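> Next input, structure requested:
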Amino acid sequence: MRLPDIPLRHHRIVRTTAAFGTGALALVRRRDVPAQHRRSLRAGTALANAGLTWLTGSSAFLGRVGGSSGLDEFLELFTSRGSGPVRYASAPACDFGGEALAGDEEQDAWWHEHASVTSPAFLNAVTATAAGAASWAMWPLTERLAEKIDERLPRGVGRGLNAAVNGGLVALAAVLIDKIDDWADDVEDGHWAPLEIELPAHIRKSVEALLSQPHPNSPSTAEAIREQFASAQFFVWVSCPDALHSSDEPVVLDPEQVEQLLEDEDIVSIDVRPDESAPSVTPARHTYPVTGTTGSIGDEDGAVGPGDRAGMSTGRLELTLDIVDGRLTSVDLSEVDDEPFADMLTAEALRESVPGTLHPENLDDEDGGHSSSFEITDSEFEDVARTLERWPRPDEYTFRTDGGGS
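Residues are numbered from 1 along each chain as shown. Down below sits the predicted model:
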């Protein structure tokens, strides 16, 4: 049994409703209605408390993908979620076992047969029912306490104070949940896993435009790669929260969860897995000899496309296809450095050099030399992540043929 939960995209509405609803409920007193209607008020209060409890236990209140960090692990103490694969309603898969099993009918049947009735949504509904029953049972006592408090305070102050405190606590709980979630994201090492995606239309069209260019050596190779690309599945590596890393089984996510995983992910390579029946190509390992480059070679300002619009680096970008074992394995987008590497040795130095000659004077030249250290500058962290949406569009590429695989 799996009860529906509120989508995460409605979390602001849910949190606002829970906070104001809790505050409004605290304004009601039994003396506000005639004696013959108090039983109805008691029942309504119990139902309202049950509904508000359910709201604050929904995924839309608790946080982001997979539930809020820490809270989800706490719920696992009372459920059997870790005993089997976590599966959702639709298909891309966050695959931890190396194979995408989205749409696997046998595993879907296994899941429906073995799914625990103590899922978080079911547990939330049980908790809400218990809260409603407790509200019904304790209503006379809570009303007497509220009336005694009202008697000690100026008229209306007790109600207002009670409403502000109750509603404020719910609102504060939502803020604390986000703070805990952010803190947990900062301190955890994180888990990486391949996520199968639907290749965005602009990236697919860019690759198709690249493959439509004449192959410098073998039209049959170009045709085989086009066939591999058309039949392929596509994967990107994403950072997954602990809640989605509870087992080695694939986790089928709903579209909203996929969107959240990809939202800020810096992606410069897309893994490609062609169908096994697609023909292989030779040479078995090479970079496809046609590449797509944004901007024009020699442009002082580099690319003038999505990089500038999205606040990314303005360096030129290069779209390449990697071939391994005769199969298309990745679509890569990398930055191109247009500045020529300074020649460390002059013609005179080359004439005078023999094996074993060290030329240290060139290493001090600001315009030349080479350093083997790996340097990280602040500007590298200021660049906006190159999400899939920020990959260039087909009309922003200039296609170049290199004359042969490398």
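> CA atoms for contacts and neighbours, from now on please.
Noted.
> hmm, who's touching stretch 17-29?
45, 48-49, 52, 55-56, 143, 146-147, 159-160, 162-171 (Cα atoms under 8 Å, 6 or more residues apart in numbering).
> same thing but 7 Å
Stretch 17-29 has contacts (Cα atoms under 7 Å, 6 or more residues apart in numbering) with 52, 55-56, 143, 159-160, 162-164, 166-168, 170-171.
> Export it to CSV, keeping only CA atoms.
Listed in CSV are the C-alpha atoms of stretch 17-29, where the atom choice follows Å, rounded to 0.1, in the frame of the first residue of the first chain:
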residue,chain,number,x,y,z
THR,A,17,-0.7,26.5,4.8
ALA,A,18,0.7,24.4,7.7
ALA,A,19,2.0,27.5,9.5
PHE,A,20,-1.1,29.6,9.1
GLY,A,21,-3.5,26.7,9.6
THR,A,22,-1.8,25.8,12.9
GLY,A,23,-2.0,29.4,14.0
ALA,A,24,-5.6,29.8,13.0
LEU,A,25,-6.6,26.6,14.8
ALA,A,26,-5.1,28.0,18.0
LEU,A,27,-7.5,30.9,17.9
VAL,A,28,-10.6,28.7,18.3
ARG,A,29,-12.2,28.2,21.8
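> Any buried residues in that stretch, and which?
Thr17, Ala18, Ala19, Phe20, Gly21, Thr22, Gly23, Ala24, Leu25, Ala26, Val28, Arg29 (16 or more other Cα atoms under 10 Å).
> Tell me if the fourth one really is in a strand.
So the one you mean is Phe20. No. Under DSSP: H, G, I helix; E, B strand; the rest coil, Phe20 falls outside any strand and is assigned helix.
> packing partners for the helix or strand hosting Met138?
Taking DSSP states H and E as the definition, one finds Met138 inside helix 120-152. With contacts taken as 3 or more Cα pairs under 7 Å, 6 or more residues apart in numbering; DSSP states H and E, helix 120-152 sits against helix 38-56.
> mean confidence score for the helix or strand that comes right after the helix it packs on?
Per DSSP H and E, helix 38-56 leads on to helix 59-62 as the next helix or strand towards the C-terminus. Confidence for helix 59-62, expressed as mean pLDDT, is 80.
> Enumerate the positions of helix 59-62 that are buried.
Using 16+ other Cα under 10 Å as the test for burial, helix 59-62 gives Ser59, Ala60, Phe61, Leu62.
> follow-up on the earlier one: of the contacts of stretch 17-29, closest to Val238?
Set against Val238, the nearest of those by Cα to Cα is Thr56 (28.9 Å).
> Quick one: neighbours of the closest one, just the number.
By other Cα atoms under 10 Å, the residues close to Thr56 number 21.
> Ala48 too?
19.
> swap in Pro355?
5.
> CA atoms only for stretch 354-363 - export them in PDB, please.
Provided in PDB are the C-alpha atoms of stretch 354-363 (Å, rounded to 0.1, in the frame of the first residue of the first chain):
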ATOM      1  CA  VAL A 354      72.400  17.900 -26.800                       C
ATOM      2  CA  PRO A 355      70.700  15.100 -24.800                       C
ATOM      3  CA  GLY A 356      71.100  15.900 -21.100                       C
ATOM      4  CA  THR A 357      71.100  19.700 -21.500                       C
ATOM      5  CA  LEU A 358      68.900  21.600 -19.000                       C
ATOM      6  CA  HIS A 359      67.600  25.100 -20.000                       C
ATOM      7  CA  PRO A 360      66.400  26.700 -16.700                       C
ATOM      8  CA  GLU A 361      66.500  30.300 -17.900                       C
ATOM      9  CA  ASN A 362      63.300  29.700 -20.000                       C
ATOM     10  CA  LEU A 363      61.400  28.700 -16.900                       C
END
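> Understood, closing this out.
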